[in-house]
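Visitor: Provide a 3D model corresponding to the input given below.
(one chain, ligands or ions: 1)
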Amino acid sequence: MTKRVFSGMQPTGSVHLGNLIGAFNNWVTMQDEYDAIYCVVDFHAITMPHEPAELRVNRTYLAKAFIAAGVDPERSLIYRQADVPQHAELMWILGADTPFGPLTRMTQFKDKSEKAGERFGLFAYPLLQAADILIHKATAVPVGDDQTQHLELTRDIAQRFNGMYGEVFPVPERITPEIGARVMSLQDPTSKMSKSDPDQNATVMLFEDPDRVMKKFKRAVTDSGTEVRYDWDEKPGISNLIEIFSVFSGASIPEIEAEWGESLYGHFKVAVGEAVVEGLRPLREKFESLDDGEVEGILTSHAARGREMAEDTLGEVRAAIGLA
Ligand code: TRP
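Guide: Reported below is the predicted structural model:
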């Protein structure tokens, strides 16, 4: 069976360090081993109230961010979900056999409904995600902890379908990065780094000015005590910085503790800031060098290939359930 990875991200605004470490870095590595498909999930993005003009900009911006972060359009497929409407058709088919109960129990559905009211799109969101994954017969799906329930549901849906209509879908595995799966806010290390954080210093954007990046690290909240030690219970601020440093320097956590254990917090924060600034430099340069027309061309041709691949699976699905 083809080893295929599928993942998606919503085009809802700027990408940050958490997206890089928690998602993109992993996506990039997986390109070596898997046939990879990375998707700007714009159908998902409209499940919350949105501004059309912002969405239009964000769906291209995010595709550029994928490429700047190292997703290689020569090797991997990158497209915008709405350009491959077969995702929505498969969602309908999968939904036909999916019981209500599990969908009402999804924590994201409950959280988001509280913010935006009960919208059918929020209810159906996990079904569309299952369709994204299954339409490409993905075997591996790299996602963060917050997606555990959605992945479990996808696996259940695949198994139910196979049981009722014959083996069509591989049951996909969830892949989580060992380190840096959760990058925390630089201002409150007990909450996840988020693009919607009202505190500007909490989140480091990927293509932001190096001086600002440095400032944010200098202002990062640390813990009581003086030791640079990896301990999430006692030292969440420092532990978060150690993880970020480990990703950017390539040094292991024990190596960092050995080298920086006795250093002043202030010195350590500068070292982390410098490593991040250096590490982000090529990404920012790549982002700035990308030509919008060229990216549009890539997205158009990749979507065409995506539709062909999706049609292959849908052909099997239609035949299996009696619609062909
Ligand atoms: N729900 C995912 C998130 O918010 C995004 C997503 C949509 C996705 N479809 C997907 C992730 C398919 C992986 C596979 O992070």
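Visitor: distance of the residue of the chain found nearest the ligand relative to Asn240?
Guide: The nearest approach of the chain to the ligand comes at Gly8, 3.4 Å away (CB to the nearest ligand atom). C-beta: built from backbone N, CA, C; applies to glycine. To Asn240, Gly8 is 26 Å away according to CB to CB, to the nearest Å.
Visitor: also Glu118?
Guide: Counting by CB to CB, the gap from Glu118 to Asn240 is 35 Å.
Visitor: and if you look at Leu127?
Guide: For Leu127, the distance to Asn240 equals 34 Å [CB to CB].
Visitor: these two: which has the busier surroundings?
Guide: Higher neighbour count among Leu127 and Asn240: Asn240, with 25 against 22, using other CB atoms under 10 Å.
Visitor: please save the CA atoms from the host helix or strand of the more buried one in PDB.
Guide: Under the criterion of DSSP states H and E, Asn240 resides in helix 236-249. The C-alpha coordinates for helix 236-249 follow below in PDB (Å, rounded to 0.1, in the frame of the first residue of the first chain):
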ATOM      1  CA  PRO A 236       6.800  25.800  32.400                       C
ATOM      2  CA  GLY A 237       8.300  29.000  31.000                       C
ATOM      3  CA  ILE A 238      11.800  27.700  30.900                       C
ATOM      4  CA  SER A 239      10.700  24.300  29.700                       C
ATOM      5  CA  ASN A 240       8.900  25.900  26.800                       C
ATOM      6  CA  LEU A 241      12.000  27.900  25.800                       C
ATOM      7  CA  ILE A 242      14.200  24.800  26.100                       C
ATOM      8  CA  GLU A 243      11.900  22.900  23.700                       C
ATOM      9  CA  ILE A 244      12.000  25.800  21.200                       C
ATOM     10  CA  PHE A 245      15.700  26.000  21.600                       C
ATOM     11  CA  SER A 246      16.100  22.300  21.100                       C
ATOM     12  CA  VAL A 247      14.200  22.400  17.800                       C
ATOM     13  CA  PHE A 248      16.200  25.400  16.500                       C
ATOM     14  CA  SER A 249      19.700  24.400  17.700                       C
END
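Visitor: so Ile133, which of the three states?
Guide: Three-state assignment for Ile133 (DSSP: H, G, I helix; E, B strand; the rest coil): helix.
Visitor: kindly report the same for the one 4 residues further on.
Guide: Counting by three-state DSSP, the backbone at Lys137 sits in coil.
Visitor: list the residues that contact it.
Guide: Thr2, Arg4, Phe169, Pro170, Thr313 (CB atoms under 8 Å, 6 or more residues apart in numbering).
Visitor: does Gln159 touch Val168 like I think?
Guide: No: shown here, Gln159 and Val168 do not form a contact pair, counting by CB atoms under 8 Å, at 11.0 Å.
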